[in-house]
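Participant: Provided below are the primary sequence and the corresponding predicted coordinates.
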Amino acid sequence: MQTSKPITVHGQPIAGGKFPLICTPLVGRTFEKIMAELDVVLPKKPDVLEWRVDFFEQIGDSAAVIAAAQAIKNKAVEIPLLFTRRSTLEGGEKISLNEGQVIAMYTAVCESKSIDLIDYEMANDPANIAQVRTIAKANDIQLVLSFHNFSYTPGLETLAAKFLMADQLGADVAKVAVMPRNLDDVLTLLTATHEASKKLRIPLISLSMGPFGSLTRLFGWTFGSALTFAVGAASSAPGQVPIEDLNTVLEILQKSMGVK
């Protein structure tokens, strides 16, 4: 059943190679709100935390960003932390930083070793991607190269090319997220995922968003997606389901399919 490779940090599969991993987002706008989110999320035992730093009001202060990342890590103990600045072009919050300042922030956070994985969008300038890849590798941080389309689902060939591009650009994990307009679009995303999981050298994450897309969050792993996102305290994208509901569905599906 499983064709995709597990996602690793520091040379070891996350959660002992569990498939799929469940990641919950942190979207608090202040340090205090992030800590309060953690109080809600951690008892639900996610496998990965994603800090969406584009929601953080102090994003322009690298010292504050590093302090918050370290506090998240200290409180989460062994749960890996994925650090993400999502751009407005791909569904993120508006921030005051230009791309050079984002790269400087990424560099400082990687060098602080307060995170385990970092997300950067493939639409960025190749030189910037190379810079992020170099700093991530130098600090033993896994690089997730991502593509998001909040308007529609591109064709099968385009999706296949995005997965392949992440691999060719030196990602440790490839991520593709798109918006379906109907169930045919969901099937297109799942087909692209299944094919990529057989061809790529790296693990991949795929999902459709919105109501139709919620299906991919529940069983996209059967097509090769190594990680799915679920709501712990607050959603970071349309279609995310509560982690409790996701765990129930996964348990039923895996039992029915004889997956251990």
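Facilitator: Perfect, thanks for sending it.
Participant: lowest-scoring secondary structure element of the protein by mean pLDDT?
Facilitator: One helix or strand of the chain scores below all others by mean pLDDT, DSSP states H and E: strand 241-242, with a mean of 82.
Participant: partner strands of that one and their direction?
Facilitator: Strand 241-242 pairs in its sheet with strand 227-231 (parallel), by DSSP bridges.
Participant: what mean pLDDT would you report for the strand it pairs with?
Facilitator: Strand 227-231 shows a mean pLDDT of 90.
Participant: what comes up buried for that strand?
Facilitator: Residues 227-231 are the ones in strand 227-231 that count as buried (16 or more other CB atoms under 10 Å). The C-beta positions use only the backbone N, C-alpha and C, and glycine is treated the same way.
Participant: which residues touch the closest residue to I243 other than its chain neighbours?
Facilitator: Using CB to CB, 6 or more residues apart in numbering and skipping residues adjacent in sequence, the residue nearest I243 is A230, 4.1 Å away. Residues counted as contacts of A230 (CB atoms under 8 Å, 6 or more residues apart in numbering) are 22-24, 46, 217, 240-243, 245-246.
Participant: coming back round to it: nearest to G258 among the buried residues of strand 227-231?
Facilitator: T228 (20.1 Å; CB to CB).
Participant: separation between the closest one and A177?
Facilitator: Going from T228 to A177 by CB to CB, to the nearest Å gives 11 Å.
Participant: give the residues shared as contacts by the two.
Facilitator: Contacts common to T228 and A177, judged by CB under 8 Å, 6+ apart, are 205, 207.
Participant: tell me if N124 really is in a strand.
Facilitator: No. If the criterion is DSSP: H, G, I helix; E, B strand; the rest coil, then N124 is coil and not within a strand.
Participant: ok, it - contacts?
Facilitator: So N124 contacts E99 (CB under 8 Å, 6+ apart).
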